[in-house]
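Student: Based on what follows, work out the 3D shape:
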Amino acid sequence: MGSRLVPVMLLGLLAVVHAQLWVGRGSVGSVGEMQRKLEQQKAANAQAQQANDRLAAEVRDLKEGLEMVEEKARLELGMVKPNEIYVNIVAPK
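Tutor: I've put the predicted structure just below:
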């Protein structure tokens with residue numbers, strides 16, 4: 001009786017492992033679904049990264065534009081910030 005028990009146990013274990021492969025956690029279908037979700041998430045991340053890059057470029061352009069406006073106002077119009085003193089040094093001719 002002991003010699004028949006080992007093959008039956010091995011067949012039962014094989015059946016459990018085989019069932020896990022097809023329907024359990026980490027099964028072929030489950031892994032395929034996870035891979036599809038991963039690809040979708042990567043695509044969404046790429047779109048979000050492009051949007052972030054565009055916004056960063058806009059912020060950079062706005063900062064540079066404001067700096068140019070401030071420089072022009074200082075040089076051409078003699079404007080100063082609050083609590084600043086404007087000093088104009090003229091070179092002798």
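
Student: Name the spans of the protein whose pLDDT lies under the cut-off.
Tutor: For the chain, the stretches with pLDDT under 70 are 1-2, 24.

Student: just the helices in it please.
Tutor: For the chain, the helices identified by DSSP state H occupy 2-23, 28-77, in order along the chain.

Student: what angle separates the first one from helix 28-77?
Tutor: If I follow you right, that is helix 2-23. Going by axes from the mean of the first three to the mean of the last three CA atoms, to 10 degrees, helix 2-23 is angled at 30 degrees with respect to helix 28-77.

Student: Show residues contacting helix 2-23.
Tutor: Outside of helix 2-23, the residues within contact range by CB atoms under 8 Å, 6 or more residues apart in numbering are 26-29. Any C-beta I mention is one placed from the backbone N, CA and C, and that applies to glycine too.

Student: Adding mean neighbour count and distance to Ile85, write the helices of the chain out as a markdown table.
Tutor: Written out in a markdown table, the entries for the helices of the chain read as follows (neighbours: other CB atoms under 10 Å; distance: least, CB to CB, whole Å):
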| stretch | mean neighbour count | distance to Ile85 |
| --- | --- | --- |
| helix 2-23 | 10 | 80 |
| helix 28-77 | 10 | 13 |
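
Student: With distance to Lys93 as added columns, please give the ones you listed in JSON lines.
Tutor: As requested, those are exported to JSON lines (distance: least, CB to CB, whole Å):
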{"stretch": "helix 2-23", "distance to Lys93": "94"}
{"stretch": "helix 28-77", "distance to Lys93": "21"}
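
Student: Of the ones you listed, which is nearest Tyr86?
Tutor: Shortest separation from Tyr86 across these is recorded for helix 28-77, at 8.7 Å, computed as CB to CB.
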